[in-house]
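Participant: Show me how the following folds:
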Amino acid sequence: MSQAWLLAHTGIAITGIVVLITWLRTPPIFGLLIGATYLGLATGLGVGGTTEALATGFGDVMAEIGLLITFGVVIGSLLTATNTLTRVMERLLGFFGEKRVPMVFAVSLSTLFTSIYSDVVLVLTAPLARRLGTRMGSRGVALMGGALTAGIEVGLVFVVPGVAALAVAGLLGVPLGEMFLFGLAVGVPTAVLTMLVFAVLLRRVLRWNPAADELATTPDEPTTVEHPGEPARRLPLLLSVSPVLVTLALIALGALANAFDFGLGPVALLSDPVIAMAVGAGLAHLLAQRVLPRQEVNAAVGKALAMAGPILVLSGLSGSVAEVIGKSGLRDVLAESFGAGFLPPLLLVWLVAAVLHIAMGSISISAITAAGILAPIAGSLGVPVVLIALAACSGALFLPHVSSNFFWMFQSLLGLSTRGTFKTHTVAMTLASVLSLPIVLLLGLAF
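Facilitator: This is a model prediction of the structure:
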């Protein structure tokens, strides 16, 4: 089959996936499966070759990231159940003061609590952000909205153990320690710069008008559930957050050992990302049992497994797409197409993910799908694969709009109008996407 036909079938498959998910409202798992199956059959793999590629790609991804994502979501769910996130935010706000509240929110959410599922973080922090915003002047709620976006979504895609960061790293074969270190190098400056630029735009360009951009009624705030007979059972804050700190310290230790080629001896086992995440999840479980009834701890673990399931299936099916691309001969064709372009490879990767996000409306799905498409050629683009992963994550933040479920949750929980949600969530996330790209490109020049 000619290169032109291979590229044409690839375009049809990707367009079909987007149309199925966005216009026909097909569940993403079926859209990805249909697209991958069409691509295999259309490019000559046959029935047997296509099904083999689908199964192999799915299995390879599960072997790479299945346990990582599962343990990461378990840690997040248990920290949520023990109210650790709210306690940390209150302590940080007391230390830094209200004048620095937006920056504190953005930086802390993008680094400390990326293991907690983004929708859950939004539900937990939005009421506090709304209350604080109303005390910060006429633009306070808008500033806090931008801070939530900059923190939650930047952490989701860049900073391990963010779910999208884990999935993209696994699909592209990026060592998790490397993804963690490079992700921090991109994520933290992105969160800070996004807030600085967003604050300027809010003053000079966006012209925030509470009467039109905020709703007249304040959304209901969730109440804290007290446990009968045990209202005072609370661990020291540093101990409560230790599952995250221990996990990240072990992963970082392993990454540094690999980078500087020094042995860790018996500790090497603990620095393996899967073992490090398992240690964190086990520690979170032990600590939760100290302050919560056993049935609530079990419920939190069960909720985590329910949240992890769709992410794992989507990641696996993206791996199936990647395997079909590799088996059909499209790897070389796509590599030549990227190499012959007039734009740098990292910018092209960013564009692929940005277009997918605009079409699909989901950061995680667009980042994972872009990684699946690019996985077969990532090693041939002439730049470190970790930067390919970060460029895809950067593009996946671009221009969220009404097709995103997070968009509507954000509007409801912050008490904003649709216009106000565009001015905060859409603008702040687009800024994060655009501002993170030069950071990734600069890292590319350094390597």
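
Participant: mind checking how far residue 48 is from residue 321?
Facilitator: Distance, residue 48 to residue 321, using C-beta to C-beta, to the nearest Å: 18 Å. The C-beta positions use only the backbone N, C-alpha and C, and glycine is treated the same way.

Participant: do the same with residue 268
Facilitator: Taken as C-beta to C-beta, the span from residue 268 to residue 321 is 34 Å.

Participant: With residue 30 instead?
Facilitator: 13 Å.

Participant: higher neighbour count, these two?
Facilitator: residue 321 (32 against 14; other C-beta atoms under 10 Å).

Participant: Pull out the buried residues from the helix or strand hosting the more buried one.
Facilitator: Following DSSP states H and E, one finds residue 321 within helix 294-328. Residues of helix 294-328 classed as buried by neighbour count (16 or more other C-beta atoms under 10 Å): 296-297, 300-301, 303-304, 307-308, 311-328.

Participant: Quick check: which helices or strands does it pack against?
Facilitator: helix 3-22, helix 28-42, helix 46-81, helix 163-172, helix 273-291, helix 363-374 (3 or more C-beta pairs under 8 Å, 6 or more residues apart in numbering; DSSP states H and E).

Participant: so the longest one versus helix 28-42, what angle?
Facilitator: By that I understand helix 46-81. 160 degrees (axes from the mean of the first three to the mean of the last three C-alpha atoms, to 10 degrees).

Participant: And the last one, by the same measure?
Facilitator: Orientation check (the same axes, to 10 degrees): helix 363-374 against helix 28-42 gives 10 degrees.

Participant: Can you give me the buried ones in stretch 38-52?
Facilitator: Quick answer for stretch 38-52 (16+ other C-beta under 10 Å): 38-43, 45, 49-50, 52.

Participant: so residue 250 sits in a strand?
Facilitator: No. If the criterion is DSSP: H, G, I helix; E, B strand; the rest coil, then residue 250 is helix and not within a strand.

Participant: got a list of what the nearest residue to it once chain neighbours are set aside touches?
Facilitator: Here the nearest residue to residue 250 in space, its sequence neighbours aside, is residue 276; by C-beta to C-beta, 6 or more residues apart in numbering that works out to 3.8 Å. Residue 276 makes contact with 246-247, 250-251, 254, 270, according to C-beta atoms under 8 Å, 6 or more residues apart in numbering.

Participant: run the last query once more with 6 Å
Facilitator: The contact partners of residue 276, by C-beta atoms under 6 Å, 6 or more residues apart in numbering, come to 247, 250-251.

Participant: which of the residues in stretch 24-32 are buried?
Facilitator: So stretch 24-32, judged by 16+ other C-beta under 10 Å, has buried residues 26, 28, 31-32.

Participant: I misspoke; the intended subject was stretch 440-447.
Facilitator: Per 16+ other C-beta under 10 Å, stretch 440-447 contains these buried residues: 440-441, 443-444.

Participant: Name the SS class of residue 262, please.
Facilitator: coil.

Participant: pLDDT score for it?
Facilitator: Residue 262 is assigned a pLDDT of 74 by the prediction.

Participant: returning to what we had before: turn the helices and strands packed on helix 294-328 into JSON lines, including distance to residue 384 and mean pLDDT.
Facilitator: Formatted as JSON lines, those follow (distance: least, C-beta to C-beta, whole Å; pLDDT from 0 to 100):
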{"stretch": "helix 3-22", "distance to residue 384": "25", "mean pLDDT": "77"}
{"stretch": "helix 28-42", "distance to residue 384": "27", "mean pLDDT": "86"}
{"stretch": "helix 46-81", "distance to residue 384": "18", "mean pLDDT": "85"}
{"stretch": "helix 163-172", "distance to residue 384": "10", "mean pLDDT": "87"}
{"stretch": "helix 273-291", "distance to residue 384": "18", "mean pLDDT": "91"}
{"stretch": "helix 363-374", "distance to residue 384": "13", "mean pLDDT": "79"}
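
Participant: can you list those in TSV and add distance to residue 415?
Facilitator: Conversion of those to TSV gives the following (distance: least, C-beta to C-beta, whole Å):
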stretch	distance to residue 415
helix 3-22	28
helix 28-42	30
helix 46-81	22
helix 163-172	27
helix 273-291	31
helix 363-374	23
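
Participant: what's the closest of these to residue 345?
Facilitator: helix 363-374 (9.6 Å; C-beta to C-beta).

Participant: tell me what the closest one is packed against?
Facilitator: Helix 363-374 makes packing contacts with helix 163-172, helix 294-328, helix 345-360, helix 385-395 when contacts are defined by 3 or more C-beta pairs under 6 Å, 6 or more residues apart in numbering; DSSP states H and E.

Participant: what's the shortest one packed up against?
Facilitator: This points to helix 163-172. So helix 163-172, by 3+ C-beta pairs under 6 Å, 6+ apart, packs with helix 46-81, helix 140-158, helix 176-204, helix 363-374, helix 385-395.

Participant: Tell me which of the ones you listed sits nearest to residue 290.
Facilitator: helix 46-81 (11.4 Å).

Participant: Pull out the buried positions in the next helix or strand after the closest one.
Facilitator: Beyond helix 46-81 in the direction of the C-terminus, DSSP H and E gives the next helix or strand as helix 84-96. For helix 84-96, the neighbour count (16+ other C-beta under 10 Å) marks 84-85, 87-89, 92-93 as buried.

Participant: next one: stretch 113-121
Facilitator: 113-118, 120-121.

Participant: Of those residues, which is the nearest to residue 415?
Facilitator: Once C-beta to C-beta is applied, the member of these that ends up nearest residue 415 is residue 121, at 17.7 Å.

Participant: quick one: which helix or strand includes that closest one?
Facilitator: Going by DSSP H and E, residue 121 is in helix 118-134.

Participant: so what secondary structure elements neighbour that helix?
Facilitator: Partner elements for helix 118-134 (3+ C-beta pairs under 6 Å, 6+ apart): helix 140-158, helix 405-414.

Participant: and among these, the most buried is which?
Facilitator: Most buried of the helices and strands packed on helix 118-134 by mean neighbour count (mean count of other C-beta atoms under 10 Å) is helix 140-158; its value is a mean of 30.

Participant: That one packs against which elements?
Facilitator: helix 101-111, helix 118-134, helix 163-172, helix 176-204, helix 427-446.

Participant: how about the residue lying closest to residue 87 once chain neighbours are set aside, phi and psi?
Facilitator: Spatial nearest neighbour of residue 87, chain neighbours left out: residue 237 (5.6 Å); criterion: C-beta to C-beta, 6+ apart. Residue 237 adopts backbone torsions of phi -60, psi -40, taken as degrees, to the nearest 10.

Participant: Please renumber the chain so that the first residue is 572 from this point on.
Facilitator: New numbering, starting at 572: the last item is residue 808.

Participant: What's the per-residue pLDDT of residue 808 here?
Facilitator: On the pLDDT scale, residue 808 gets 85.

Participant: now swap in residue 793 and tell me
Facilitator: pLDDT, read off for residue 793, is 44.
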